[in-house]
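> need coordinates for the below:
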Amino acid sequence: MDTQKVVFVNKELGTRMAGLLRLPEGFDLSKNYPAIVVTGPMLSVKEQAQSVYAKRLTEAGYVTLVFDGTYFGESEGAPRGQELPDVKESDIESAVDYLCSLPYVDTNRIGGLGICGSGSYMSVAGVRDPRIKAVSAIVPAISDISASPMMGFFKPEEEVRAAKEAYDKGDGELMYLNFMPRTFDDGAAYYYSTRGTHPRWSNQVVAWSQLELVKYNVAEIMKEMQKPYCVITAENAWSKPASEEIFHAVPAGKKEMHVVPEAGHFDMYDLAPFVSEAFEFIKPFFGKNL
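Predicted coordinates:
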C-alpha cells in the first residue's frame, strides 16, 4: 500500500491537521474507491491503534485516513492536550471534507471506524454527518462518563473550574489530569511498551476537558442513529457496559454487536488474535454497507 502524509484543516477552528492517507495496493487513479476515516483512543496519535485498523482496511481495498486530532500530535491547536468531544467531532467532519475533496473517493461510500473514546465520537459523528454512511465502533468507551470508571481520573469540579478561571485570566498554570497512569495495568501494557508507545503520545490531558466530557451523554444521542452500525466489544473489557449501553440505545434496524471472547479492552487495540477476529465482522459489515 501507498502511505502519504497529508494536511487538512479543521473547518470550525482553522487548525491544520496532520494525517496519514493510505491507498490500496494496485491503486488506479482512474477508479473511484470507498473510503473510511479511522480514529483512535482518547489522547492517541495517528500512529497508534488507529493505524493498526487502517492498514487492515486498506489491505481490504479501502482508502483510509487517520489523523492527529486538534491539540494532539503533529496537528495544531493550543493549549495542547485538550480532549473535547465537540472538537473531536469537528475533526472527524473535517476529515470527511478532505476525503470528499479527493477525485478518486466515492463520496457516497464513506464510512467511519473509531476505537475506544473515538468509538463513541465516531458513533455520534455517524448520527450528525449525513456523508458517513456506516459506522463501526471498537470497544466504544464513552456512554455517560459520570457513571463510568473514567471518573477516577477526574479532579474535584470546583478545583478544576478555579484553575481554568485563573488560567483564562493569565494568573495560573495549566492543570493536567493523569489519564493513563502506569498503575493501570491493562493500559500500561499497551501505552508503556513497544506495543503502543509513541514519542508524540502523552497521558496528560488538560484538566478542564473533564467539564465537557462529563456532560457528553452518547447513549442519548445514539437514539437518533439511523445508519448501519456495528459494535465490537470484548468479553473482559472494562468498557463493555458502556459499549452495550450505546448499542442498545440505537433503534432496531441495521445494527449488530459482536463480543470477542477472552479479550480485554486494550487487547482490541493491536493484538493479532483479537483484532483478526474483529475483522471477521468488520470486513463484511463495510462490504455490504459501503
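> would you list every one of the strands in the stretch 151-290 of the chain?
In the stretch 151-290 of the chain, strands defined by DSSP state E, counting those that start in this stretch lie at 176-178, 204-206, 229-234, 255-260, listed in chain order.
> what lines up beside the first one in the sheet?
In this case it means strand 176-178. In the sheet, strand 176-178 lines up against strand 204-206 (antiparallel) (DSSP bridges).
> now the strand it pairs with: buried residues?
205-206 (16 or more other C-beta atoms under 10 Å). Yep, even glycine has a C-beta here, placed from its N, CA and C like the rest.
> and it, how far out from the chain middle?
Using C-alpha atoms, centre = their mean, to the nearest Å, the distance from the centre of strand 204-206 to the centre of the chain it belongs to is 17 Å.
> from the rest of the structure, what touches that strand?
Contact partners of strand 204-206, identified using C-beta atoms under 8 Å, 6 or more residues apart in numbering, comprise 42-43, 79-83, 174-179.
> quick one: mean pLDDT over it.
Confidence for strand 204-206, expressed as mean pLDDT, is 94.
> again, but for stretch 18-27
The average of the pLDDT scores along stretch 18-27 is 98.
> follow-up on the earlier one: ok, so of the contacts of strand 204-206, who is nearest residue 225?
For those, the closest approach to residue 225 (C-beta to C-beta) belongs to residue 42, at 21.2 Å.
> before we move on, what SS does the closest one have?
Following DSSP: H, G, I helix; E, B strand; the rest coil, residue 42 is assigned to coil.
> now it: phi and psi?
Backbone torsions of residue 42, given as degrees, to the nearest 10, read phi -60, psi 140.
> quick one, what contacts it?
Counting by C-beta under 8 Å, 6+ apart, residue 42 makes contact with 83, 116-118, 141, 179, 205.
> now with 6 Å, please.
By C-beta atoms under 6 Å, 6 or more residues apart in numbering, the residues touching residue 42 are 83, 117.
> also residue 177?
Residue 177 makes contact with 153, 205, 207 under the criterion C-beta under 6 Å, 6+ apart.
> can you give me the angle the helix or strand containing residue 112 makes with strand 229-234?
Assigned by DSSP states H and E, residue 112 belongs to strand 105-115. Between the axes of strand 105-115 and strand 229-234, defined by axes from the mean of the first three to the mean of the last three C-alpha atoms, to 10 degrees, the angle is 30 degrees.
> pairing partners for strand 105-115, with directions?
Within its sheet, strand 105-115 is paired with strand 33-39 (parallel), strand 132-138 (parallel), according to DSSP bridges.
> output those as a markdown table; include the columns mean pLDDT.
What follows is the strands paired with strand 105-115, written out as a markdown table (pLDDT from 0 to 100):
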| stretch | mean pLDDT |
| --- | --- |
| strand 33-39 | 98 |
| strand 132-138 | 98 |
